[in-house]
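Engineer: need coordinates for the following:
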Amino acid sequence: MQSLRCSPSHKLCRSTTRPSVQLRAAAQPRSRTVLCLAAVRTATEAHLQLATAKLPAAADVNRFAESMYQWAATMTQSGANFPFVLPIQVDKIQSPPGFQMSLLRRGKNGGFGSAGDIVGTVEDAPGVGKVLMIRFYEGPTAQDSRITPPPTDPEERLEVVLKSMPDVDTLMATMPRAIRAAVAVSTP
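Structural biologist: Here you go, the predicted structure:
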């Protein structure tokens, strides 16, 4: 891996679309999967850039993305090691390859919904090659428990949502090691 940047001064960005997420239905055996459509982000939706990592040219992108998904999925099962404040749901993104970690909160309707999403995708960067992009998006239940009106500025709004989720710092602190391990697995 040639470079890894985790920026504490988050940069407001515009998103690319995320096509579909592959989920396993709870009652089905592991070998069968159900393909469902994820909430597609529009090109105008604001997000915060949390980190980027340039991948080596020889890295197998699909193996890298699978390894990162496995890291994200095990974070939901590591309660003894990482006592998260919010429940976490992890989904695999097929194209571009990657993962989505949704931090869940109880919504106004009584069910759980995403308060914020950490999305990691492997993308082509012009003149650079393959890059892992880690972005943070506001979820539909992020503002459900607010007493005061949310900020109108998109960057301020995302910063407020991000600061209300202490689990993001824990997840981002473990990510550089996970990226290095995924590069080691995906490089011949």
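
Engineer: contacts and neighbour counts: CA atoms only from here.
Structural biologist: Noted.

Engineer: show me the contact partners of the longest helix along the chain.
Structural biologist: Ranked by number of residues, the top helix in the chain under DSSP state H is helix 167-186. Contacts of helix 167-186 with the rest of the structure, by C-alpha atoms under 8 Å, 6 or more residues apart in numbering, involve 1, 4, 53, 55-56, 59-61, 63-65, 67-68, 71, 82, 84-86, 162.

Engineer: among these, which lie within helices?
Structural biologist: Val61, Arg63, Phe64, Ala65, Ser67, Met68, Trp71, Leu162.

Engineer: identify the residues contacting the last one.
Structural biologist: When the contact criterion is C-alpha under 8 Å, 6+ apart, the partners of Leu162 are Gly116, Phe136, Val168.

Engineer: check the second one too.
Structural biologist: Applying C-alpha under 8 Å, 6+ apart, we find Arg63 in contact with Ala182, Val185, Ser186.

Engineer: test my guess that Val119 contacts Arg135.
Structural biologist: Yes - using C-alpha atoms under 8 Å, Val119 is in contact with Arg135, at 5.2 Å.

Engineer: re earlier: okay, the ones in helices among the contacts of helix 167-186 in JSON lines with pLDDT next?
Structural biologist: Conversion of the ones in helices among the contacts of helix 167-186 to JSON lines gives the following (pLDDT from 0 to 100):
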{"residue": "Val61", "pLDDT": "95"}
{"residue": "Arg63", "pLDDT": "96"}
{"residue": "Phe64", "pLDDT": "97"}
{"residue": "Ala65", "pLDDT": "95"}
{"residue": "Ser67", "pLDDT": "95"}
{"residue": "Met68", "pLDDT": "95"}
{"residue": "Trp71", "pLDDT": "92"}
{"residue": "Leu162", "pLDDT": "87"}
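
Engineer: so how far is the top strand by length along the chain from its chain's centroid?
Structural biologist: For the chain, the strand with the greatest residue count under DSSP state E is strand 112-125. Going by C-alpha atoms, centre = their mean, to the nearest Å, the spacing between the C-alpha centre of strand 112-125 and its chain's C-alpha centre is 3 Å.
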